[in-house]
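Visitor: Model the structure of this input:
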Amino acid sequence: MGTSLIFVSQLNMCESKEKAFFKLIHGSAKEEASKEAKIRVRPEEAGRWGESFEKLLSHKDGLETFTRFLKTEFSEENIEFWKACEDFKRSKDPQQILFKAQAIYEKFIQTDAPQEVNLDFHTKELITQNITQPTLHTFDAAQGRVYQLMEQDSYKRFLKSDIYADLIEGRPQRPSNLRRRSRSFTYNEFQDVKSDVAIWL
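Guide: Numbering: from 1, shown residues only. I've put the predicted structure just below:
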């Protein structure tokens, strides 16, 4: 019994930044369902999200609600990529920058990536050429294009959606249909596998 206590303690101490980032960009179905259940927004607060896309994304519940909306449209890769880039830009040491850049590239950028975002050839090619020596600005152009796409397209549909209307009117949230496209994968699929970074790099 004493041995298992030490073992658990060691596991907790070994929770690395890489594992945390893995969870960030892959998510967990249980965590998503929990977040959805916890979102409690006052109608006036939700109303402010309609003023600008920036206000929506800068509010924690706004970001989570918009992510939920994109999942109903099967285009959540856009917001997941944007969030991964925001986290990436807060990286400090070179090893962390390299690790996270590679993870983002493999999940969102490379051809046939599990959640490939829609980018023009030039932007994609530039990232591919620089991915071996990434900087904090490696994904700036791609993130900007994805942001613009969401602002001009998805955000406008979000403002007309039932999800947003329910919040504005103060109605209880309806359960979302969170089916996934077959080529996407989630952290959930790896729960029975040891958290070895080499598995997904």
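
Visitor: Please pull out the lowest mean pLDDT helix or strand from the chain.
Guide: One helix or strand of the chain scores below all others by mean pLDDT, DSSP states H and E: helix 2-13, with a mean of 41.

Visitor: what are the ranges of the helices in this structure?
Guide: Taking DSSP state H to define them, one finds helices in the chain at 2-13, 17-26, 29-38, 43-49, 53-58, 60-72, 76-88, 94-104, 121-130, 140-149, 155-159, 162-169.

Visitor: Redo the ones you listed as a markdown table? Include distance to residue 111 and mean neighbour count.
Guide: Yep, even glycine has a C-beta here, placed from its N, CA and C like the rest. Below are the helices of the chain laid out as a markdown table (distance: least, C-beta to C-beta, whole Å; neighbours: other C-beta atoms under 10 Å):
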| stretch | distance to residue 111 | mean neighbour count |
| --- | --- | --- |
| helix 2-13 | 36 | 9 |
| helix 17-26 | 18 | 16 |
| helix 29-38 | 27 | 13 |
| helix 43-49 | 34 | 16 |
| helix 53-58 | 28 | 16 |
| helix 60-72 | 22 | 19 |
| helix 76-88 | 14 | 21 |
| helix 94-104 | 15 | 18 |
| helix 121-130 | 8 | 14 |
| helix 140-149 | 14 | 17 |
| helix 155-159 | 27 | 16 |
| helix 162-169 | 32 | 16 |
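
Visitor: any chance of those in CSV, with distance to residue 115 too?
Guide: What follows is those, written out as CSV (distance: least, C-beta to C-beta, whole Å):
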stretch, distance to residue 115
helix 2-13, 28
helix 17-26, 9
helix 29-38, 14
helix 43-49, 24
helix 53-58, 18
helix 60-72, 11
helix 76-88, 4
helix 94-104, 10
helix 121-130, 14
helix 140-149, 12
helix 155-159, 19
helix 162-169, 21
